[in-house]
Structures are given as structure tokens and as C-alpha cells.
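> Everything below, folded, please.
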Amino acid sequence: MRKLVLFSLILAVVVIILGAYTRLTDAGLGCPDWPGCYGLLTVPLQDHHVEAANAAFPERPVEAAKAWNEMIHRYFAGALGLCIFSIAAIAVKQRHSGRTVRLPLLLVALVIFQAALGMWTVTLNLLPVVVMGHLLGGFTILACLFLLHLKLRESKRKPRRINSITKFALLGMAILLMQIGLGGWTSANYAALACTDFPVCEDGWASRLDFSGAFSVPYAETYEYGAHGYGERMTMHIVHRAGAVITFLYLLWLGFRLYSREVAAPVKSAALLLIGVLMIQVTLGVSNVVLSLPVIVAVAHNIVAACLLLVMVWITYQVSRYQGDPQQGGAHG
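Residues are numbered from 1 along each chain as shown. You can find the predicted model right below:
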């Protein structure tokens, strides 16, 4: 099962990359139905299939490039779902040999809900709450798969303990997930370029802030390309930037705190990795604004966010293995 979990973990990263690319190339409605594409299992390419698709969906004529982006994402997501169902089946079968069962079953529940969110993304025409939830669902599945991978690597189960450093790590993970959610909300509402100046926004931005509007969902026939006004989208962008500052400062503090303490070597390595990945993520975030959101940079911003989450899972897992308080030198391998 270890190899299958590792393969699924890599596949989950690929799915996140493909999902980000699909969203950033405006291909979320590249196929206007679900789970197929214009009623087919693949993108309609032959002339009579294209004509039939355009007749069935006159408001959404076939754009092959966007449709392929969406379908490739679905193919990989479907493969990931099958892998997770297989992991759960193996875990249940081997439950008497000490294999963990709760986490694989949780992953099955997450995959089922994630599939529903994928369907609603299309049927509700990119409703921002659903799009953001779909993004967070993908990151949650990735984190759970990585946690399962770490658990399976242990030759012997060790008791977990919520010490002071673990609490700091858990808080850091919560802050990071909130920031990922804000990024998803900003992206789902097409607000990534609502501010093109740096480090804040255009002149007069403070007078146009609209928090209630920014975090509401106005009625619209479709949410493709956004349904909020400029002031609302600008507010989303500003809040995301503010969240980035808070996340950066806290995780940077956590990284230096862990590195400076008497902790085990894996924790020190994770702390250095956290600081390095954090610096890359800030550089990519600034580049998104300065370079007007090039797709490759924006996709990389999503990938590095996933890497940050994995590092935080690793740190939390490692520090929870201590029998004593890491700050008091109670480190164990």
C-alpha cells in the first residue's frame, strides 16, 4: 500500500497543477456538462460531433483547447479517485494487521465530496463558493495523503502529544489554509489583477473598500469572468495581500523558532525548507502583480502553496512525536 499511497500523492500534486492551469486559462466551463464533455467521454473533434455539440449547447460553442484542459484535469482527478478507493479497500482488508483505516476512509469521503464540488462547479456556472471549496478540497486531499504516507513510513507507531510547538505548528497550518482559501476566493472572482500597483494598490484604494460586498455572492446567470464590481474585487485582492503578509511573518517566525531550538535534525531540516519555500512563494506572489499574472507564474504560485502545506504537515507530524516539550530539549529522533 505504501507505493500506492506515494503514487496517489504524486498524482494529487498533478491534479492540483492541472486544476490551477484549467482555472487560469478560463477553461472551467470548457465542457458545459459533467462528467462528460458535450455528452461524450472525450472532446468532440469530428465535424458531426462538433455540430451536434454546438446545437445542444448554443451558448457554449466548442473550444477544443479549453475543453481538453478541462477533460485532462477530469481524467487525472478520476484516476486519483480510483487510487484512493483502492487504498481504502486495502486498508479495510488489512485492518487486523494494524493498518490505519480512519484516514483512508476519510479520504474516500473527501473524494466523493470533491467529485460533487467538481460537478457543481460546472452546473452552477463557476459559483465562487464552490470553486473555492473545490480548491480547498484538493489541498485537503493532498495533505491527508501526505499524512498517510508519513504514517505508513513508521515501523512502529508512536504516541502523539500536543506540546507547545505542536500548537504553534497547528496554528501555522490553520493560517496557511485560510490564506489558500483567500487566494481561491480571489481567483474564483477574477480579482487577481484588481490591483496592479505594488505594494498596495492604485491611488484612492482605501476609499473604495467594500468588505461586505467582497465576501458576498451576487446573483448572476454565470460567474465566468466575475460578477462583482471593481471595488469588491479590489477589496478581495487587498485582503489576500494582507493575509499574505500575516502568513509570511508567522511562518517565517515559526521556521526560525524551530531552527534555533534544540530539536531533532528532521525538524531543523523542515524549518529551513519552510523558510526557503516561503521566500519562493512571496517572490511568485509579487511577480504575479508586477508581471500581470502570467499563467506559468500563477500556476507555480499554486504549486508552491501546496508545497508549503506539505512542509507544514511534515513539521506538525514531526514535532508531535516528542515525548517532552521540544523547547526544553526533549527531542527524540
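> Just the helices from the stretch 151-300 of the chain, written as ranges.
For the stretch 151-300 of the chain, the helices defined by DSSP state H, counting those that start in this stretch occupy 164-188, 211-214, 230-260, 265-290, 295-319.
> can you put the ones you listed in TSV and add mean pLDDT and distance to residue 134?
From N, CA and C alone the C-beta is placed, and that goes for glycine too. Shown next, in TSV, are those (pLDDT from 0 to 100; distance: least, C-beta to C-beta, whole Å):
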stretch	mean pLDDT	distance to residue 134
helix 164-188	95	8
helix 211-214	96	20
helix 230-260	96	17
helix 265-290	94	21
helix 295-319	96	13
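> do you know which of the ones you listed lies nearest residue 81?
Among those, helix 295-319 comes nearest to residue 81, with 18.2 Å by C-beta to C-beta.
> for residue 126, what are its contacts?
28, 29, 188, 222, 223, 224 (C-beta atoms under 8 Å, 6 or more residues apart in numbering).
> Correct me if wrong: the last one contacts residue 125.
This means residue 224. Yes. The pair residue 224 and residue 125 qualifies as a contact (C-beta atoms under 8 Å) at a distance of 6.6 Å.
> quick one: common contacting residues for those two?
By C-beta under 8 Å, 6+ apart, the residues touching both residue 224 and residue 125 are residue 29.
> returning to what we had before: got JSON lines for the helices of the stretch 151-300 of the chain, with mean neighbour count and distance to residue 83 too?
As requested, the helices of the stretch 151-300 of the chain are exported to JSON lines (neighbours: other C-beta atoms under 10 Å; distance: least, C-beta to C-beta, whole Å):
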{"stretch": "helix 164-188", "mean neighbour count": "19", "distance to residue 83": "23"}
{"stretch": "helix 211-214", "mean neighbour count": "14", "distance to residue 83": "38"}
{"stretch": "helix 230-260", "mean neighbour count": "18", "distance to residue 83": "30"}
{"stretch": "helix 265-290", "mean neighbour count": "17", "distance to residue 83": "26"}
{"stretch": "helix 295-319", "mean neighbour count": "21", "distance to residue 83": "18"}
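> what's the closest of these to residue 105?
Taking those one by one with C-beta to C-beta, helix 295-319 is closest: 18.8 Å.
> From the contacts of residue 126, pick the one nearest residue 112.
residue 28 (20.7 Å).
> Grab the nearest non-local neighbour of that closest one.
residue 126 (5.2 Å; C-beta to C-beta, 6 or more residues apart in numbering).
> can I assume the one you found sits in a helix?
No. Going by DSSP: H, G, I helix; E, B strand; the rest coil, the assignment for residue 126 is coil, not a helix.
> Do you know the pLDDT at it?
With respect to pLDDT, residue 126 scores 97.
> Below-threshold pLDDT in the stretch 51-200 of the chain: ranges please.
98, 155-162 (pLDDT under 70).
> quick revisit: for residue 63, which of the helices of the stretch 151-300 of the chain is the nearest?
Comparing the helices of the stretch 151-300 of the chain by C-beta to C-beta, helix 295-319 comes nearest, at 16.3 Å.
> Next, the angle helix 265-290 makes with the closest one.
Angle between the axes of helix 295-319 and helix 265-290 is 160 degrees (criterion: axes from the mean of the first three to the mean of the last three C-alpha atoms, to 10 degrees).
> got a list of what the residue lying closest to residue 292 once chain neighbours are set aside touches?
In space, and not counting its chain neighbours, residue 292 is closest to residue 193: 6.4 Å by C-beta to C-beta, 6+ apart. Neighbouring residues of residue 193 by C-beta under 8 Å, 6+ apart: 289, 292, 293.
> The spatially closest residue to residue 270 that is not a sequence neighbour: what's it in contact with?
Nearest residue to residue 270, sequence neighbours excluded (C-beta to C-beta, 6+ apart): residue 315, at 4.7 Å. By C-beta under 8 Å, 6+ apart, the residues touching residue 315 are 169, 172, 254, 258, 267, 270, 271, 274.
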